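> Only the shape, not the letters, is given here:
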């Protein structure tokens, strides 16, 4: 009887240890988990614009916020939806070397993809569509925008469910308007940091 009782205790203890080990191996980037992310970022861009045969050079500095949510469709790969709200200050120089300043507000929405490596590094790609409203010396205009971004980041896990994630991205924007022949492209780098919750 004592042997049966002792074996039962040892068996239950072994099951408990194995269960604890299994819990420890659960990774927040495993398939079936969700992430909710809020990022703040700063950007710098250089671009060229063409309208009615005239060209101008532009440079800008901006900042924005980018909330997003995603689902891990397989281990380490999350697919989700990103929205972005941006404010940008611009300076343009035309072919006569005259300078003009303006500011713009824009909003984007589109899918994004993020893949994590085991060491915390991750790659991210996204594209989106949106609108941009500009104000230049009292003259207001609106354009349609297509954008894509490619980035590299690092997840600093505070615990199993939260992380801080610095990120650097290359961004390409294409602005166009149905009301005129205006078209421009913007290329530049974005530096940001996100706070991510894993569910």
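Now that the structure is in, tell me what you want to look at. The shown structure was predicted, so the numbers you read here are calculated from the model rather than taken from an experiment.

> In terms of secondary structure, what does whichever strand or helix holds residue 149 contact?
Element membership of residue 149 [criterion: DSSP states H and E] is strand 139-154. Helices and strands touching strand 139-154, as assessed by 3 or more CB pairs under 8 Å, 6 or more residues apart in numbering; DSSP states H and E, comprise strand 99-116, strand 121-136, strand 162-176, strand 183-198. (C-beta placed from N, C-alpha, C; glycine too.)

> where does the chain dip in pLDDT?
Residues of the chain meeting the criterion pLDDT under 70: 1-25, 48-54, 178-182.

> can we see that at 90?
Per-residue confidence for the chain (pLDDT under 90) gives these ranges: 1-27, 38, 41-63, 88-104, 118, 132-145, 160, 171-190.

> picking that back up, what strands line up against the strand holding residue 149, and which way round?
strand 121-136 (antiparallel), strand 162-176 (antiparallel) (DSSP bridges).

> and that strand, which residues are buried?
Within strand 139-154, the residues scored as buried using 16 or more other CB atoms under 10 Å are 141, 143, 145-147, 149, 151, 153.

> can those go into a markdown table with extra columns for distance to residue 93?
Output for the buried residues of strand 139-154, formatted as a markdown table (distance: CB to CB, whole Å):
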| residue | distance to residue 93 |
| --- | --- |
| 141 | 19 |
| 143 | 20 |
| 145 | 22 |
| 146 | 25 |
| 147 | 23 |
| 149 | 26 |
| 151 | 29 |
| 153 | 34 |
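
> which strand in this structure runs the most residues?
As assigned by DSSP state E, the longest strand anywhere in the chain is strand 54-74.

> Between strand 99-116 and whichever helix or strand comes after that one, find me the angle.
For strand 54-74, the following helix or strand on the C-terminal side (DSSP H and E) is strand 77-94. With axes from the mean of the first three to the mean of the last three CA atoms, to 10 degrees as the basis, strand 77-94 and strand 99-116 are set at 170 degrees to each other.

> could you dump the helices and strands packed on strand 139-154 to TSV with distance to residue 73?
Below are the helices and strands packed on strand 139-154 laid out as TSV (distance: least, CB to CB, whole Å):
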stretch	distance to residue 73
strand 99-116	10
strand 121-136	15
strand 162-176	19
strand 183-198	15
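
> Same list as before, these that is, but in CSV and with distance to residue 38 and mean neighbour count included.
What follows is these, written out as CSV (distance: least, CB to CB, whole Å; neighbours: other CB atoms under 10 Å):
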stretch, distance to residue 38, mean neighbour count
strand 99-116, 14, 17
strand 121-136, 15, 16
strand 162-176, 10, 18
strand 183-198, 6, 17
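
> need the contact list for the residue lying closest to residue 165 once chain neighbours are set aside.
If you skip the residues right next to it in sequence, residue 165 has residue 194 as its closest partner in space, 4.4 Å away by CB to CB, 6 or more residues apart in numbering. The contact partners of residue 194, by CB atoms under 8 Å, 6 or more residues apart in numbering, come to 37-40, 66, 153, 164-165, 167.

> Need the max-distance pair from those residues.
By the measure CB to CB, 66 and 164 form the most distant pair in the contacts of residue 194, at 14.9 Å.
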